[in-house]
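> No letters, just coordinates:
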């Protein structure tokens, strides 16, 4: 329908108007062709040439109304002309009313009036010219129109339909106060005026239709351009972040939106994680970890590719973290389109605007097509990332296992039938299926790593990697990098990114030997791994989630270190969930013959020997020895014995064992004995305190590490001085 603004231009929904032959109530010459009507109209109205509308002219409707009214007022006393054009809703009409008694020249009244009155509705919907002799009575139910026209009690009106083809989009009303207005000459003049205005409307509406068609073509061109750009982005960018950045710029160039967000859906936690956020007007990109938990119904609807538009009231129902951010940026409307891949919901594209009516159904349909393209690319990118991560992980594990393969283990299996070792194996069998942290306590060389491997092999993580690290063997300055990894350029010499042992052991087991040697500065980071299952690489602020089972081992007295402030008590409590004491070899002497046979068999194959006999004297000497170095010392002695053997009989240098026994007996009255006694006296005087102010190390003028080595060499135990 036709709708005109105050400036005389028309809305895009206008229709073409054409005027054909019509018959009035009085005799009127019939004009067969439209061109004849126009010529007759121009001649009879006598309008100047510049006021005659043409298909290419920009004549103003209100100027024509004014000229027609001015001319007719001089001839037939018509001082008021009204043009009523119904609107699409059928409930109201746009009124263009021009009265010559107004002070404002060429400025008609433009107003929307209701047409619920039956008389007015019948007047507009009529398809033939009509004469109304008593206008006040006819329009008594339309006070707005009567007030605007200021009709006199004796006023009459001539109504002419403004038709387009076979339709009647409106009427032209001439208000008169004289009876002569019904003469054939006057009717012919009013008919000509109607034809002239109809022709103008026909031209103006054709122009408006062409402009609308042009705008639709431009819109379709921009839409196809956007789809092509998004398609190129999905082909060009394998990296998710680069894809989102490029797509965000293309979306803004089309929608002119204030905010673009890309959210990634985490299936395990049912959370949306904000991957990237763009503020096109100045603030640029931001990457965040803002999360929002999705209800199950929302997940189902989004997985079914259901898009939605949200207004100002809907924004308040968003998760608080999201709604707060939108309110701070004065966002009034949001459109959300799901990204759905082959396995379900991948994420969401969200566009926001400060205009409450910025998005419509056409935008929603276009964004759904774009989401399909990006979903395919995102699905491929995520698969590429998973494959790349798996390849890197497998490569790291392969390199680690290769290095482990070339490492000489102390022994390959747990050997023993003593009650002490059976107790250890029973405890290991109980705790292995769980993911609980295990603390192995025992002297050096007792086989703590072997027990740790047994725990891993008996656990549900047996298919994943078992990673080990001796904390005492790594300098304190490099221990953090070994444990947590580092980024390229994190420190001098960091030429490439490195994954730490904790990350290598993801979904597997991590064995930290000599955990008591970890410095106080690293203990909080290790505690965080145990408590929160997360950490950051050295030189990075990106949090990495890990699922690693920790098995720790130490020969030191951790409770004593906690009392001395050398070890964090909270970390000790997290480690001491399930402690297992590994007995020294002197407490399981019945296992020594089994170990001897085991080592002889393995080392004979390795050294290409054929030893079948172990003399009783040799076995007695080996069993009687206390082995302060435990199984490691025993293995080394057997290897030396196999090397010295020339035939099938083990030629063990048992004299070394006798010399060691004699040396220990003599040491009580020699310099070593005196040294041992001095250390014990210092420890007793210090109340058992090893280091620090007033400690035994300070009293003896030794370093703490030197004192510990001497105590280990002299066989000093806590029970000797406590």
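Everything's here; your move. What you are looking at is a predicted structure, and each value in this text was computed from that prediction instead of being measured. Numbering: from 1, shown residues only.
> For residue 552, give me phi and psi.
phi -110, psi 160 (degrees, to the nearest 10).
> wait, it sits on residue 515?
Yes - counting by C-beta atoms under 8 Å, residue 515 is a contact partner of residue 552 at 4.3 Å. (C-beta placed from N, C-alpha, C; glycine too.)
> Return every residue with contacts to both of those two.
With contacts defined as C-beta atoms under 8 Å, 6 or more residues apart in numbering, the residues adjacent to both residue 552 and residue 515 are residue 575.
> So this structure: which segments form each domain?
34-209, 237-384, 419-583, 596-721 (automatic domain parsing).
> How about the secondary structure of residue 541?
coil (DSSP: H, G, I helix; E, B strand; the rest coil).
> Please apply the same query to the one 3 residues further on.
The three-state label given to residue 544 by three-state DSSP is strand.
> ok now do it, which residues does it touch?
Listed by C-beta under 8 Å, 6+ apart, the contact set of residue 544 reads 503, 534-537.
> Bridge partners for it, pull those for me.
residue 535 (DSSP bridges).
> where's it relative to residue 382, distance?
In this view, residue 544 and residue 382 are 18 Å apart by C-beta to C-beta, to the nearest Å.
> ok, now residue 443?
50 Å.
> The two - which one has more neighbours?
residue 443 (19 against 16; other C-beta atoms under 10 Å).
> so where does that one fall, helix or strand?
For residue 443, there is no helix or strand it lies in under DSSP states H and E.
> Give me the phi and psi for it.
Torsion angles, degrees, to the nearest 10, at residue 443: phi -70, psi 160.
> And residue 109, by the same measure?
Torsion angles, degrees, to the nearest 10, at residue 109: phi -80, psi 130.
> what's around the closest residue to it other than its chain neighbours, how many residues?
Excluding the flanking residues, the one nearest residue 109 by C-beta to C-beta, 6 or more residues apart in numbering is residue 97, at 4.3 Å. When counting by other C-beta under 10 Å, one arrives at 21 neighbours for residue 97.
> Could you do residue 590 as well?
13.
> how near is it to residue 240?
Distance, residue 590 to residue 240, by C-beta to C-beta: 62 Å.
> residues contacting the residue nearest to residue 123 when sequence neighbours are not counted?
Spatially, and ignoring its direct neighbours in sequence, residue 123 is nearest to residue 159 (6.1 Å; C-beta to C-beta, 6+ apart). Counting by C-beta under 8 Å, 6+ apart, residue 159 touches 123, 126, 129-132, 171-173.
> Of those residues, just say which sits nearest to residue 230.
Nearest to residue 230 out of the contacts of residue 159 is residue 171 (C-beta to C-beta; 50.3 Å).
> So the closest one, which state does it fall into?
Residue 171 - assigned by three-state DSSP - is strand.
> quick one: residue 628 and residue 619, what's the gap?
19 Å.
> again, but for residue 717
Distance from residue 717 to residue 619, by C-beta to C-beta: 28 Å.
> Could you check which of these two is surrounded by more residues?
Remark: of residue 717 and residue 619, residue 619 carries more neighbours, 17 against 11, as counted by other C-beta under 10 Å.
> does the residue nearest to that one when sequence neighbours are not counted sit in a helix, a strand or a coil?
Nearest non-adjacent residue to residue 619, counting by C-beta to C-beta, 6+ apart: residue 593, 6.1 Å away. Following three-state DSSP, residue 593 is assigned to helix.
> How many residues are close by residue 593?
Residues lying near residue 593 (other C-beta under 10 Å) number 14.
> Could you tell me how many residues sit around residue 535?
Counted with other C-beta under 10 Å, residue 535 comes out at 22.
> can you check residue 316 too?
Neighbours of residue 316 using other C-beta under 10 Å come to 11.
> Would you tell me which one of the contacts of residue 159 comes nearest to residue 642?
residue 171 (120.3 Å).
> so the closest one bridges to which residues?
When assigned by DSSP bridges, residue 171 has beta-bridge partners residue 84, residue 161.
> Could you do the one 4 residues further on as well?
According to DSSP bridges, residue 80, residue 157 are recorded as the beta-bridge partners of residue 175.
> surely it meets residue 78?
Yes - contact status for residue 175 versus residue 78: in contact at 6.6 Å, counting by C-beta under 8 Å.
> The stretch 501-650 of the chain: helices as residue ranges?
Assigned by DSSP state H, counting those that start in this stretch, the helices in the stretch 501-650 of the chain fall at 501-504, 523-532, 558-563, 569-575, 592-606, 616-624, 630-644.
> Would you mind putting those helices into CSV with mean pLDDT and distance to residue 221 alongside?
Listed next are those as CSV, based on pLDDT from 0 to 100; distance: least, C-beta to C-beta, whole Å:
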stretch, mean pLDDT, distance to residue 221
helix 501-504, 90, 50
helix 523-532, 92, 53
helix 558-563, 90, 74
helix 569-575, 92, 64
helix 592-606, 90, 79
helix 616-624, 88, 92
helix 630-644, 91, 80
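> Among those helices, show me which one is buried the most.
For the helices of the stretch 501-650 of the chain, average neighbour numbers computed from mean count of other C-beta atoms under 10 Å are highest in helix 501-504, which has a mean of 21.
> can you list contacts of that helix?
393, 396-397, 400, 465, 467, 469, 482-485, 510, 529, 535, 537, 544, 546, 548.
> Just the ones of those residues in strands?
467, 469, 485, 510, 535, 544 (DSSP state E).
> Quickly check those residues for the two that are furthest apart.
Pairwise over the ones in strands among the contacts of helix 501-504, using C-beta to C-beta, the maximum falls at 469 and 544, 17.4 Å.
> Start and end of stretch 80-93, how far apart?
18 Å (C-alpha to C-alpha, to the nearest Å).
> what comes up buried for it?
Buried residues in stretch 80-93, counted by 16 or more other C-beta atoms under 10 Å: 80-87, 92-93.
> Run the chain-centre distance for it.
Distance of stretch 80-93 from its chain centroid, counting by C-alpha atoms, centre = their mean, to the nearest Å, is 52 Å.
> Let's test this: mean pLDDT of that stretch, rounded?
Average pLDDT, stretch 80-93: 78.
> Could you find the closest non-adjacent residue to residue 453?
residue 466 (6.2 Å).
> For that neighbour, give me its contacts.
Applying C-beta under 8 Å, 6+ apart, the residues contacting residue 466 are 452-453, 456, 505, 508-509, 511.
> rewinding a little: which SSE is the residue nearest to residue 109 in?
Secondary structure (DSSP H and E) places residue 97 in strand 92-99.
> What strands flank that strand, and is each parallel or antiparallel?
strand 80-86 (antiparallel), strand 109-114 (antiparallel).
> want to throw those into CSV with distance to residue 610?
As requested, the strands paired with strand 92-99 are exported to CSV (distance: least, C-beta to C-beta, whole Å):
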stretch, distance to residue 610
strand 80-86, 114
strand 109-114, 113
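> Show me where the stretch 301-450 of the chain has its helices.
Using DSSP H, counting those that start in this stretch, helices in the stretch 301-450 of the chain cover 312-315, 320-328, 361-405, 419-431, 448-457.
> sorry, that was for the stretch 151-300 of the chain
Using DSSP H, counting those that start in this stretch, helices in the stretch 151-300 of the chain cover 184-236, 240-255, 296-303.
> so which of those helices gets nearest residue 522?
Once these are compared by C-beta to C-beta, helix 240-255 is nearest, at 31.7 Å.
> Mind checking which of the contacts of residue 159 are buried?
Among the contacts of residue 159, those scoring as buried are 123, 129-130, 132, 171-173 (criterion: 16+ other C-beta under 10 Å).
> now, the most widely separated pair of those residues?
So, the buried ones among the contacts of residue 159 by C-beta to C-beta: farthest apart are 132 and 172, at 13.3 Å.
> just to revisit the earlier point, separation between the residue nearest to residue 619 and residue 644?
Applying C-beta to C-beta to residue 593 and residue 644 gives a distance of 20 Å.
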